[in-house]
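> how does the following fold in three dimensions:
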Amino acid sequence: MSLHSSEPTNSNPRRIAPQILIYGAIAVLVGTFLLRVSGGLATGTLNFYLKSLGQEGLEVGFVAAGYYATELLLAPVFGALTDRIGRKILMAAAPIIGAVALLLYPLTSSLWVLFMIRILEGISAAAAIPATLGYLSDLTDGSPHRARIMGLYEIITLLGVTGGGIILGPLLWNALGTSSYPILAGVYTLGAIVFWFFLPNIGTRVQKRRGLSDYVRALGSKRLVRFLPAWLSATAVIGLWLVHVQNILSKAKQATPEIGQALVGAFSPAEISKYLGFFAAAFLIGLVFWAERAKKGKRSTPMLYAGGGLLAISVSWFFLNHPEIMGLLLIPTPLEPVSFWFILLMVGAFFQAGFTPVALAYLADISEDFPEDRGVVMGLYSIFLAGGNLIGGSLLGGIFVSTLKMDGVILLTFIFTLVAFFSVMNIRRQSND
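Coordinates of the predicted model:
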């Protein structure tokens, strides 16, 4: 097979040649990093844009819903389509749609128009993620390096999202405001170029075309059913944080400080970038650490550690948000109370990071049960991701944040942690995963 053959082919599962495996993995990781950085920056700057418009809580959740609901509804369609027409064409086309969406942001301040723009971004994600994961599953078919490559994909994804949205997003907004969006659209386009010109065509490993019934059959897998609550809870937490936390922490001239909650409206964009940067660094260190261990032992063990990390984050945020209660809790430590809880927050981020690379490798394991429906099964990643983000970022997140501000984020994170914990314990009891 030519490295740059123009058409995908259907074939029986077989191991890809090592040089093509390396070349393809590098192209996917570079292109994905470009898209995730740009997308993370777009999400981060949008939080501050909405804050500048005086929007928070339900309004922020409403705008975010355009993205997540669209991804949720269309991911199954694109997941099946990628098995029919090939992965590469969707991987290259999706970023162009995202670039167009970013060019539209500076042209409006209307919530409804912003909602429609987020729908365009949702279409881009719904097309890109199933195609990319299907491609990686094809690429690593029969390879002992699958867990490592899937872990690297997740590291690149979260590095882009956290580095872009959490660390660079506030700084970019501070420097350029809405003028940053054309630059981000250019980065999206560069990602499309990488996918189109540098991605090897390895063929699409399917035997027949897929439809809605195949998704229903895949969802009937007992392993997937047991996994679903944990995955939705974990992604709901991420959606809750990405959509609301920067908006809550950010100062706004027209807003009054929230009495009794020290973190609400307390920080400038530069300060948010600094403090969340520490959090992101701890998370990324943990991501690298746990990704390397994704191929060892039970998948559920790092997931349980991640639940402990989420619990530590919830408790730490509570005491940082309520310094008057912080002083009442006597802890034998030489550290100042604020320093203690901030360090515990970092420890929690480190352990929380163990969930995502292991969960992605676990989903790839499940896809082995459906060798002809790999695009369908890996498309479920996007469905779970969008569904969790819709629940955490828009539906429940909007309600909890509008009612309780930062305490709403803390309480909802704790609830999702409990759901994920019981789900993972169920996996451990009923399987060897």
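> just the buried residues of the strand or helix carrying A230, please?
A230 belongs to helix 222-240 when elements are defined using DSSP states H and E. Neighbour-count burial for helix 222-240 flags 223-224, 226-240 (criterion: 16 or more other Cβ atoms under 10 Å). For glycine as for every other residue, the C-beta is placed from the backbone atoms N, C-alpha and C.
> what do you get for stretch 386-394?
386-394.
> which helices and strands sit right next to the biggest helix by length in the chain?
Taking DSSP state H as the criterion, the chain has its longest helix at helix 18-52. Under the contact criterion of 3 or more Cβ pairs under 8 Å, 6 or more residues apart in numbering; DSSP states H and E, helix 18-52 touches helix 58-85, helix 87-104, helix 111-139, helix 146-161, helix 169-176, helix 181-198, helix 246-249.
> which one of those helices lies nearest to A420?
Closest approach to A420 among the helices and strands packed on helix 18-52 (Cβ to Cβ): helix 146-161, 17.0 Å.
> poorly predicted segments of the stretch 51-200 of the chain, please.
147 (pLDDT under 70).
> and with 50 instead?
Along the stretch 51-200 of the chain, the model assigns pLDDT under 50 to no residue.
> quick one: the helices in the stretch 251-400 of the chain?
Secondary structure of the stretch 251-400 of the chain (DSSP state H, counting those that start in this stretch): helices located at 269-292, 300-321, 323-326, 337-352, 355-367, 374-389, 396-404.
> figure out the helix or strand that N201 lives in.
In the assignment (DSSP H and E), N201 maps to no helix and no strand.
> neighbours around it, how many?
By other Cβ atoms under 10 Å, 20 other residues sit near N201.
> and it, what are its phi and psi?
The phi/psi pair for N201 (degrees, to the nearest 10) reads phi -80, psi 120.
> hang on, the earlier thing: just say which of the helices of the stretch 251-400 of the chain is most tucked in.
Mean neighbour count, computed with mean count of other Cβ atoms under 10 Å, is highest for helix 374-389 among the helices of the stretch 251-400 of the chain, reaching a mean of 26.
> could you give the mean pLDDT of it?
Summarised as a single mean, pLDDT over helix 374-389 is 73.
> with stretch 284-298 instead?
Taken as a whole, stretch 284-298 has a mean pLDDT of 73.
> ok, residues contacting stretch 238-245?
Applying Cβ atoms under 8 Å, 6 or more residues apart in numbering, the external contacts of stretch 238-245 come out as 43, 47, 57, 60-61, 64, 68, 161, 165, 276, 388-394, 396-397, 401, 409, 412-413, 416.
> can you show me the CA trace of that stretch as PDB?
The C-alpha trace of stretch 238-245 is given here as PDB (Å, rounded to 0.1, in the frame of the first residue of the first chain):
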ATOM      1  CA  ILE A 238     -14.600  18.800  32.900                       C
ATOM      2  CA  GLY A 239     -17.500  20.600  31.200                       C
ATOM      3  CA  LEU A 240     -18.600  22.200  34.400                       C
ATOM      4  CA  TRP A 241     -15.100  23.600  35.000                       C
ATOM      5  CA  LEU A 242     -14.400  24.700  31.500                       C
ATOM      6  CA  VAL A 243     -17.700  26.500  31.000                       C
ATOM      7  CA  HIS A 244     -18.100  28.100  34.400                       C
ATOM      8  CA  VAL A 245     -15.000  28.400  36.600                       C
END
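> quick one on the thing from earlier: turn the buried residues of stretch 386-394 into JSON lines, including distance to S143.
Listed next are the buried residues of stretch 386-394 as JSON lines, based on distance: Cβ to Cβ, whole Å:
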{"residue": "A386", "distance to S143": "28"}
{"residue": "G387", "distance to S143": "29"}
{"residue": "G388", "distance to S143": "29"}
{"residue": "N389", "distance to S143": "30"}
{"residue": "L390", "distance to S143": "33"}
{"residue": "I391", "distance to S143": "34"}
{"residue": "G392", "distance to S143": "34"}
{"residue": "G393", "distance to S143": "35"}
{"residue": "S394", "distance to S143": "37"}
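> these two touch, right, T413 and V315?
No - judged on Cβ atoms under 8 Å, T413 makes no contact with V315 at a distance of 10.1 Å.
> ramachandran coordinates for A262?
phi -70, psi -20.
> low pLDDT regions in the stretch 301-433 of the chain?
Within the stretch 301-433 of the chain, not a single segment meets pLDDT under 50.
> average pLDDT across stretch 250-261?
The average pLDDT within stretch 250-261 is 66.
> and the end-to-end length of that stretch?
One end of stretch 250-261 to the other measures 13 Å (Cα to Cα, to the nearest Å).
> excluding sequence neighbours, find me the nearest residue to L320.
Nearest non-adjacent residue to L320, counting by Cβ to Cβ, 6 or more residues apart in numbering: W341, 5.3 Å away.
> and the gap between that neighbour and R146?
Counting by Cβ to Cβ, to the nearest Å, the gap from W341 to R146 is 39 Å.
> tell me the contacts of F421?
By Cβ under 8 Å, 6+ apart, the contact list for F421 reads 304, 307.
> again with L404
For L404, the contacting residues are L411, by Cβ under 8 Å, 6+ apart.
> T413 too?
Applying Cβ under 8 Å, 6+ apart, the residues near T413 are 237, 240-241, 310, 313-314, 317.
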